[in-house]
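> Here's my sequence, what's the structure:
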Amino acid sequence: MRSFRSWWLASWLVTSAAWAGVGIHVDVAQAQASTDDEARRHFRLGQAHYENGSFLEAAREFEQAYQLSQRPQLLYNVYVAYRDAGDLVRSRDALREYLTRVPDAENAAMLRARLESLDRMVEQQGTTATPTEAPAETTPTEIAPVETRAETTPDASLETAPDPSSGEGGGISPFPFVVAGVGAAMMIGGAITGAMALSSQDTLDATCPDRACPPGYDFESEANDGRALALTTDVLLIGGGVVLAGGLVWLVIDLVSGGSSSSSEQPPVTAMCGPDGCSVAAHLEL
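Next comes the predicted model:
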């Protein structure tokens, strides 16, 4: 029965480590949510400044939002705000970075032509430009879509895509936590049945030392119950450990891949048990 005690101890250690890992991930997720909230705050301040005509302050707020969220759509807002503030150099730099990050933008051809125009103007006028020069390089029909994008597109992106590292905003799948939770629950169940098996064996040893039982005591029935509990313990502890490990590996794969895999795709981790034992298979696409 010493092996049962070892299994019981190991199960609690593995379970504690598993939940500690889940806690670390929760802390990371909370930190990410805090960063998104801060980026959203800067974006809304930028909107307010832009609507009030404070274009330079708006550009700085949009830059802060971009630095926090790394969403390339915000570079468009930076370009617009600096352009309307008359800072041609920063406007040009933001537009160039935007086209680099989003080469297939909806109005990419027009924006590339605008970038060439800005390059020529900066080259001719040096590194500064007065605010009165900015309207000369734009037309009213071009400003209207700029304001619409500044008011809607980035904000929608910030609201609907909590994970900046994912271009599609998929986030981390909840399934690894479910799998790990099932494995942990199995191991806890195994620890409980292990304790019951130990108790049954201790009772049997105390009642029937050297199998010398009191009259009427059903030794075989008690022994069979103990063996059944021991077998159940082995299955729950080993199977639970495999499932828990599979969930943790799946979580690591999800973190490495940025949570971009959809729920309809093949799960990256599969766990199975057969007559010869249990195994975990991991599938990772790079």
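> Now do the strands in the chain.
For the chain, the strands defined by DSSP state E cover 269-274, 277-282.
> can you give me the helices in the stretch 101-250 of the chain?
For the stretch 101-250 of the chain, applying DSSP state H, counting those that start in this stretch gives helices covering 108-125, 140-151, 153-160, 175-207, 219-256.
> Could you tell me the least trusted of those?
For these, mean pLDDT drops lowest on helix 140-151, to a mean of 37.
> Figure out which of the helices of the stretch 101-250 of the chain is closest to residue 102.
Residue 102 lies closest to helix 108-125 among the helices of the stretch 101-250 of the chain, at 7.7 Å (C-beta to C-beta). Just so you know, the C-beta spots here come from the backbone N, C-alpha and C atoms, and that holds for glycine as well.
> Can I get that closest one in CSV? Just the C-alpha atoms.
This file holds the C-alpha atoms of helix 108-125, laid out as CSV (Å, rounded to 0.1, in the frame of the first residue of the first chain):
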residue,chain,number,x,y,z
ALA,A,108,-4.2,51.7,-50.6
ALA,A,109,-3.7,53.1,-54.1
MET,A,110,-4.9,56.6,-53.2
LEU,A,111,-2.9,56.6,-50.0
ARG,A,112,0.3,55.6,-51.8
ALA,A,113,-0.2,58.5,-54.2
ARG,A,114,-0.7,60.7,-51.1
LEU,A,115,2.5,59.4,-49.6
GLU,A,116,4.4,60.2,-52.8
SER,A,117,3.0,63.7,-52.6
LEU,A,118,4.0,64.1,-49.0
ASP,A,119,7.5,62.9,-49.8
ARG,A,120,7.8,65.6,-52.4
MET,A,121,6.4,68.3,-50.2
VAL,A,122,8.7,67.4,-47.3
GLU,A,123,11.7,67.3,-49.6
GLN,A,124,10.9,70.7,-51.0
GLN,A,125,9.9,72.5,-47.8
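> Which other helices and strands does that helix contact?
With contacts taken as 3 or more C-beta pairs under 8 Å, 6 or more residues apart in numbering; DSSP states H and E, helix 108-125 sits against helix 88-101.
> and the angle for the helix it packs on with helix 108-125?
Between helix 88-101 and helix 108-125, the angle comes out at 150 degrees (axes from the mean of the first three to the mean of the last three C-alpha atoms, to 10 degrees).
> Flag every buried residue along helix 88-101.
Within helix 88-101, the residues scored as buried using 16 or more other C-beta atoms under 10 Å are 88-99, 101.
> Domains in this protein, by residue range?
31-160, 172-282 (automatic domain parsing).
> wait, which of the helices of the stretch 101-250 of the chain is closest to residue 46?
Here helix 140-151 is closest among those (C-beta to C-beta), at 8.0 Å.
> so where's the stretch 1-150 of the chain uncertain?
Applying pLDDT under 70 to the stretch 1-150 of the chain flags residues 1-32, 126-150.
> Of the helices of the stretch 101-250 of the chain, which is nearest residue 76?
Going by C-beta to C-beta, the one of these nearest residue 76 is helix 140-151, 6.0 Å.
> I'd like to know which of the helices of the stretch 101-250 of the chain lies nearest to residue 34.
Using C-beta to C-beta, the nearest of the helices of the stretch 101-250 of the chain to residue 34 is helix 153-160, at 13.4 Å.
> Distance-wise, check residue 68 relative to residue 212.
Using C-beta to C-beta, to the nearest Å, residue 68 is found at 76 Å from residue 212.
> So for these two, which residue has more residues nearby?
residue 68 (21 against 9; other C-beta atoms under 10 Å).
> roughly how far apart are the nearest residue to that one once chain neighbours are set aside and residue 74?
For residue 68, ignoring the flanking residues on the chain, the nearest one in space by C-beta to C-beta, 6 or more residues apart in numbering is residue 39 at 3.8 Å. Distance, residue 39 to residue 74, by C-beta to C-beta: 8 Å.
> for residue 54, same thing?
Taking C-beta to C-beta, one finds residue 54 at 17 Å from residue 74.
> Between those two, which is the more surrounded one?
Using other C-beta under 10 Å, the more surrounded residue of residue 54 and residue 74 is residue 74, with 31 against 16.
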